[in-house]
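K.L.:
I'll drop the sequence and a predicted model, then ask my questions.
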Amino acid sequence: MVRKLFLSLMLLAAVLVNGCVIQPVNAPEQESPKDASPGISASSEDVTHGLKPLDPIYIRFSGIMEQQQLELVIDENGEISLLHIKSPIKAAGLTASELEDKIERLYVDGGIYKNVSVNVTMTAKIYYVQGEVNQPGQFQLMSGTTLLQAIAGARGYTPYANKKKVTVTRYGKIYTYNAKDLEKDPSKDIKIEAGDVIKVWQQWY
């Protein structure tokens, strides 16, 4: 009798304990770290990335015969110039899609073209090395590239190079540098920008 009573009390206690552990019916699901902090894919980041000054862009026009394509660099003021549009237009800060819409509106609303489709894409940033280097040509611009690094990337100087006369043409202006001075004091080395034309001149003996 005592044994049965003891077993009954133990069973009742177990039921009460289990009954106290109640899961909330409408408890929100716990977010995983991925859901809590959604990442941005490379493709979506490219879509939202705004154009910047000195970014090279390629513009393709469809639906018109007069101009088919245009390759240019956004200037230091963040602007570009287009055919038949008098004033430069602001491109910096816009995405490629936003710039497409802006150009289309300017041409159509301005009565220049009745129907035009515009496609804007980014192109590789490049610079040019000419003159007395072992491998002249065009090179892709990497972030932080300096004048001396650009010359080294063109396989260095030829035996006829004048290190005291190296010019950089940028937006129609010509800047002259003494590469020997830059080698002695690298802090004076300049950063190369997209579209720069570097020329190492010949030494006259």
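P.N.:
Received it, and whenever you're ready, just let me know what you need.

K.L.:
strand partners of the strand ranked longest in the chain, parallel vs antiparallel please.
P.N.:
Ranked by number of residues, the top strand in the chain under DSSP state E is strand 161-170. When sheet partners are counted by DSSP bridges, strand 161-170 sits next to strand 173-177 (antiparallel), strand 197-202 (antiparallel).

K.L.:
for the last one, give the mean pLDDT please.
P.N.:
The predicted model assigns strand 197-202 a mean pLDDT of 96.

K.L.:
Thr123: which of the strands paired with strand 161-170 is closest?
P.N.:
Smallest distance to Thr123 across the strands paired with strand 161-170 (Cβ to Cβ): 17.0 Å, for strand 197-202. No exception for glycine: its C-beta is placed from N, CA and C like everyone else's.

K.L.:
mind listing what's buried along the closest one?
P.N.:
Ile198, Lys199, Val200, Trp201 (16 or more other Cβ atoms under 10 Å).

K.L.:
from memory Lys199 sits against Thr167, does it?
P.N.:
Yes: here Lys199 reaches Thr167: they are 4.9 Å apart, a contact under Cβ atoms under 8 Å.

K.L.:
that's a helix at Lys180, yeah?
P.N.:
Yes: according to DSSP: H, G, I helix; E, B strand; the rest coil, Lys180 belongs to a helix.

K.L.:
can you give me the domain assignment for this protein?
P.N.:
47-122, 126-202 (automatic domain parsing).

K.L.:
of these, which shows the lowest average pLDDT?
P.N.:
Mean pLDDT per stretch puts domain 47-122 lowest among these, at a mean of 89.

K.L.:
return the distance of that one from the chain's centre.
P.N.:
Domain 47-122 has its C-alpha centroid displaced from the chain centroid by 17 Å (Cα atoms, centre = their mean, to the nearest Å).

K.L.:
can you check stretch 182-201 too?
P.N.:
Centroid displacement of stretch 182-201 relative to its chain, using Cα atoms, centre = their mean, is 22 Å.

K.L.:
now do that stretch: everything it contacts.
P.N.:
With contact meaning Cβ atoms under 8 Å, 6 or more residues apart in numbering, stretch 182-201 is reached by 54-56, 73, 125-133, 141, 144-151, 157, 161-163, 165-171, 177, 179, 181.
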